[in-house]
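Colleague: below are the sequence and a predicted model for it; my questions follow.
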Amino acid sequence: MRLLLLETSTALCSAALSEDGRVLQYRKAEGRNVHSSLAAVLVRDILDAAGLRVSDCDAVAISKGPGSYTGLRVGVSTAKGLCFGAGIPLIGIGTPEVLVAQAAQEGLVPAGCRHIVPMIDARRMEVYSAVFTPDGQRLTEVKPTVVTEESFTDILSAGTPVLFIGDGAEKCREVLGSHPNAVFAQGCPKAAAMAAPATAAYNEKRFEDVAYFEPFYLKDFIATVSRKNLF
């Protein structure tokens, strides 16, 4: 089973190719506005390196959010185009699930840890977050959270380490970092970490409707008006 994996929900744009859950190829790019210009390029580079075409893959998996509005739109549009062109299924994986899988893949889960909190940056002290078990079971809804000293006290007081992971984790260290059970892993979700959850979704035939699938934005996009005087 070959899967194309695409992650564009944060500042890191990445793509990977997996076979039976094992990552064969991985490419990444980071920077301002790289998603629109490089998402398809990363996919092409991966397929060229493997000597494959999109139609040689069994499905395309996309990280569906929440996250960057623009990044999600680019990623989902690219994934849908690949699926339409090759006639293969689309798999959507929640970005928090990607981060939980990444924690396990990269050996970041502390000994005795019973809770993982993926944190996706949502500006200022707000993050998109939920509480998971280390094996990927989601215990709470994914929601916007303004992090304060009272946040996550229920799981932090349980006496075991709590891993906060994601591109919103580091900014919460100054608020929660004094707690002895809080462990932080700053970083963006990666396409390579999607291999395990995407393989499970494929085996269970959890496919998206390619025509109508939309990213999980969680909050409506709000356009701002530039303060610069253009005239």
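Modeller: Right, received. Where do you want to start?
Colleague: now the nearest residue to residue 80 once chain neighbours are set aside: phi and psi?
Modeller: In this structure, residue 80 finds its nearest non-sequential neighbour in residue 210, 5.5 Å apart by CB to CB, 6 or more residues apart in numbering. In short, each C-beta sits where N, CA and C put it, glycine included. Per-residue torsions, residue 210: phi -60, psi -40 (degrees, to the nearest 10).
Colleague: identify the residues contacting the most centrally placed residue in the chain.
Modeller: Taking CA atoms, centre = their mean as the criterion, residue 95 is the residue nearest the geometric centre of the chain, at 3.0 Å. Residues in contact with residue 95 (CB atoms under 8 Å, 6 or more residues apart in numbering) are 7, 9-10, 63-67, 118, 120, 128, 189, 216.
Colleague: cool, and residue 11?
Modeller: 30-31, 68, 71, 167, 188.
Colleague: what about those residues, which are in helices?
Modeller: Judged by DSSP state H, these include residue 71 as members of helices.
Colleague: span of stretch 171-181 from start to end?
Modeller: Criterion CA to CA, to the nearest Å; first-to-last residue distance in stretch 171-181 is 17 Å.
Colleague: per-domain residue ranges of this protein.
Modeller: For the chain, automatic domain parsing gives the domain ranges 2-94+189-203, 96-186.
Colleague: show me what the helix or strand bottoming out on mean pLDDT in the chain is packed up against.
Modeller: Every helix and strand in the chain was compared by mean pLDDT, DSSP states H and E; the lowest is helix 173-176, with a mean of 92. Identification of packing neighbours for helix 173-176 by 3 or more CB pairs under 8 Å, 6 or more residues apart in numbering; DSSP states H and E yields strand 182-186.
Colleague: chain center to the strand it packs on: distance?
Modeller: 17 Å (CA atoms, centre = their mean, to the nearest Å).
Colleague: who's in contact with that strand?
Modeller: The contact list for strand 182-186 (CB under 8 Å, 6+ apart) reads 103, 108, 110, 113, 156, 161-167, 169-170, 172-173, 176-177.
Colleague: what is the mean pLDDT for that strand?
Modeller: The average pLDDT within strand 182-186 is 97.
Colleague: neighbours around residue 84, how many?
Modeller: 12 (other CB atoms under 10 Å).
Colleague: buried residues, the strand or helix carrying it. List them.
Modeller: Per DSSP states H and E: residue 84 is located in helix 69-86. Across helix 69-86, burial judged by 16 or more other CB atoms under 10 Å covers 69, 71-80, 82-83, 86.
Colleague: which one of these sits closest to residue 21?
Modeller: Nearest to residue 21 out of the buried residues of helix 69-86 is residue 79 (CB to CB; 19.2 Å).
Colleague: that'll do, ta.
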